[in-house]
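Peer 1: What follows is a predicted protein model with its sequence.
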Amino acid sequence: MTDPYPKEYYEIESKPWTFNFLKRSPKLHQIQEEEIKHISDSFEKLGIKNLCNNDRVRFKTKKHPHKIICRLIVIDKSGKEWIGTGFFISPKCIITSGHCVFFKNRWVKKIIIIPGDDGRNNRKPFGFDSSTKFKSVKGWTVHKKRDFDYGAVILKNDSLYKNVNSSFQTSILNEKNIEIYNYGYTDEPNKRYEQWGDFGTASNITSHRIYYFNDTEKGNSGSPILIKDGGEMKVVGIHSFGNCPNYAVRINTNILKVWDEWKKI
């Protein structure tokens, strides 16, 4: 498919490290929080429908690929906390939505990363970390295009990754009839801290989006859209928006070039 956007939209934007006046380990309330809304509540229309068929399933996170997927606690400049989802593509790079790292025209302050969060009694089976260094592209930070709604959290070292010891490979989805999967976290009170997902087939594919009726919820932003390829689960998109059909940013060759740069950090 022809890309309608100029190369400038793919230019990388960065938030550098900032001095953290808090201790490196997050305070208890930032891990055992009782109610944190999803960041899209701050700029999306109310009443958007995300559950298209209401057939999500809860997944345990001990094994691949579920342990690669992280619950994110996003702390904005005012200190308010939100939730999102992300996933490892390298030992120090976690992909998520652009609006989880940059929204309301500014970078967020800090993100806490909890891979494989698995319910109230198993909050951090692989540990957790925090970061103040984020990446996105000008298509999102400057031009505000939902087709570029992706970003990255960059960790200082690979200590958290060593506990997970796995990351996603990528692929480009070109056919609608291939089964796709999505797994992520939600802000629903009765499903908090749990990983839920669904599967189906893409209802439409454009140069920059994958549309589907897989169920999602607020909090799923940044979660991977996956296919099975040779017995391996590979990422083909980043969930961005829910409205039945829900949609993801579709991975293309230009996005892969951007991610390759982020993986080198």
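Peer 2: On my side now, so go ahead.
Peer 1: could you pull out the strands for the stretch 1-150 of the chain?
Peer 2: 12-15, 37-38, 57-59, 69-75, 81-90, 93-96, 102-103, 106-107, 110-115, 129-131, 133-137 (DSSP state E, counting those that start in this stretch).
Peer 1: Any chance of those in a markdown table with mean neighbour count and mean pLDDT as columns?
Peer 2: (Glycine included, C-beta is placed from N, CA and C.) Shown next, in a markdown table, are these (neighbours: other CB atoms under 10 Å; pLDDT from 0 to 100):
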| stretch | mean neighbour count | mean pLDDT |
| --- | --- | --- |
| strand 12-15 | 16 | 92 |
| strand 37-38 | 18 | 54 |
| strand 57-59 | 14 | 92 |
| strand 69-75 | 27 | 95 |
| strand 81-90 | 25 | 95 |
| strand 93-96 | 28 | 98 |
| strand 102-103 | 22 | 92 |
| strand 106-107 | 16 | 94 |
| strand 110-115 | 24 | 96 |
| strand 129-131 | 22 | 96 |
| strand 133-137 | 24 | 97 |
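Peer 1: So which residue is dead centre in the chain?
Peer 2: What sits nearest the mean C-alpha location of the chain, by CA atoms, centre = their mean, is residue 222, with 1.9 Å.
Peer 1: Tell me who's in contact with the closest residue to that one other than its chain neighbours.
Peer 2: Distance criterion CB to CB, 6 or more residues apart in numbering; nearest residue to residue 222, sequence neighbours excluded, is residue 96 at 3.2 Å. Applying CB atoms under 8 Å, 6 or more residues apart in numbering to residue 96 gives the contacts 72, 84-87, 150-153, 221-222, 238.
Peer 1: one more time with 7 Å
Peer 2: 72, 84-86, 151, 153, 222 (CB atoms under 7 Å, 6 or more residues apart in numbering).
Peer 1: so how far is residue 154 from it?
Peer 2: 11 Å (CB to CB, to the nearest Å).
Peer 1: ditto for residue 166
Peer 2: For residue 166, the distance to residue 154 - CB to CB - is 18 Å.
Peer 1: Who does the closest residue to residue 141 other than its chain neighbours form a beta bridge with?
Peer 2: The spatial neighbour of residue 141 that comes closest, neighbours along the chain excluded (CB to CB, 6+ apart), is residue 13 at 4.5 Å. Beta-bridge pairing of residue 13 under DSSP bridges involves residue 136.
Peer 1: for the strands of the stretch 1-150 of the chain, which one sits closest to residue 203?
Peer 2: Ranking those by their distance to residue 203 (criterion: CB to CB) puts strand 57-59 first, at 20.1 Å.
Peer 1: which secondary structure elements does that closest one contact?
Peer 2: strand 195-205 (3 or more CB pairs under 7 Å, 6 or more residues apart in numbering; DSSP states H and E).
Peer 1: after the strand it packs on, next one along is what?
Peer 2: Once strand 195-205 ends, the next helix or strand along the chain (criterion: DSSP states H and E) is strand 209-212.
Peer 1: Count the residues that sit near the closest residue to residue 135 other than its chain neighbours.
Peer 2: Excluding the flanking residues, the one nearest residue 135 by CB to CB, 6+ apart is residue 152, at 4.1 Å. By other CB atoms under 10 Å, the residues close to residue 152 number 30.
Peer 1: hang on, residue 152 in a strand?
Peer 2: Yes: counting by DSSP: H, G, I helix; E, B strand; the rest coil, residue 152 is located in a strand.
Peer 1: That one contacts residue 260, correct?
Peer 2: No: assessed by CB atoms under 7 Å, residue 152 is found out of contact with residue 260, at 11.8 Å.
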